[in-house]
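> Build me a model from this:
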Amino acid sequence: MRSCIRAALAIVAVAAAVPDASAAGPSRRFPKLDAALEHRAAVASPVRMSTVIVSLSPGSELPSDLRKYARADRLDSINALVLDLPDSQLAAMSKLAAVTHVHAETTVY
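Down below sits the predicted model:
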């Protein structure tokens, strides 16, 4: 009897520890973008510009067609670049394999 109770408790503990897909929340359309940029990417304004910090995977470079948006500042410590990017380009930026994260430039306190 005790072994059955232990087995049942073990199964319940494992089931509680493994999150299901609904616990993760709604899926994001542009998972590499932060929340503010994800909204801007959905609107995709060709007029509005966003200053963004683009983190690249190690050894990766920014594609040549996006270099025109890059500022001179490079954040070597986090392998990132600062870009002034039209919001209409945000969705494409989030789909690049070389890009790991894209964040809006904001003040950090």
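> Tell me which helix or strand residue 84 sits in.
strand 80-86 (DSSP states H and E).
> how far does the following helix or strand past that strand sit from the chain's center?
Downstream of strand 80-86, the next assigned helix or strand under DSSP H and E is helix 90-94. In terms of CA atoms, centre = their mean, to the nearest Å, the centre of helix 90-94 is found 10 Å from the chain centre.
> Please name every helix or strand in contact with whatever helix or strand comes next after helix 90-94.
Downstream of helix 90-94, the first helix or strand assigned by DSSP H and E is strand 99-104. If you count contacts as 3 or more CB pairs under 8 Å, 6 or more residues apart in numbering; DSSP states H and E, strand 99-104 packs onto helix 35-43, strand 49-56, helix 90-94. From N, CA and C alone the C-beta is placed, and that goes for glycine too.
> For strand 99-104, list every residue counted as buried.
99-102 (16 or more other CB atoms under 10 Å).
> ok, now stretch 51-71?
Neighbour count says stretch 51-71 has 52-56, 62, 66, 69 buried, by 16+ other CB under 10 Å.
> now residue 98: how far from residue 38?
Distance, residue 98 to residue 38, by CB to CB, to the nearest Å: 19 Å.
> Now do the contacts for residue 100.
Residues near residue 100 by CB atoms under 8 Å, 6 or more residues apart in numbering: 32, 55-57.
> closest to residue 47 among those residues?
residue 32 (22.9 Å; CB to CB).
> What pLDDT does the model give the closest one?
Residue 32 is assigned 93 on the pLDDT scale.
> tally of neighbours for it?
Close neighbours of residue 32, defined as other CB atoms under 10 Å, add up to 20.
> So, low pLDDT: which residues of the chain?
By pLDDT under 70, the weakly predicted segments of the chain are 1-26, 108.
> so what strands line up beside the strand holding residue 84?
Strand pairing for strand 80-86, using DSSP bridges, gives strand 49-56 (antiparallel), strand 70-75 (antiparallel).
> quick one: which of those is nearest residue 43?
strand 49-56 (10.9 Å).
> Next, the angle from that closest one to helix 35-43.
110 degrees (axes from the mean of the first three to the mean of the last three CA atoms, to 10 degrees).
> Strand 49-56 relative to strand 99-104, how many degrees between them?
Going by the same axes, to 10 degrees, strand 49-56 makes 150 degrees with strand 99-104.
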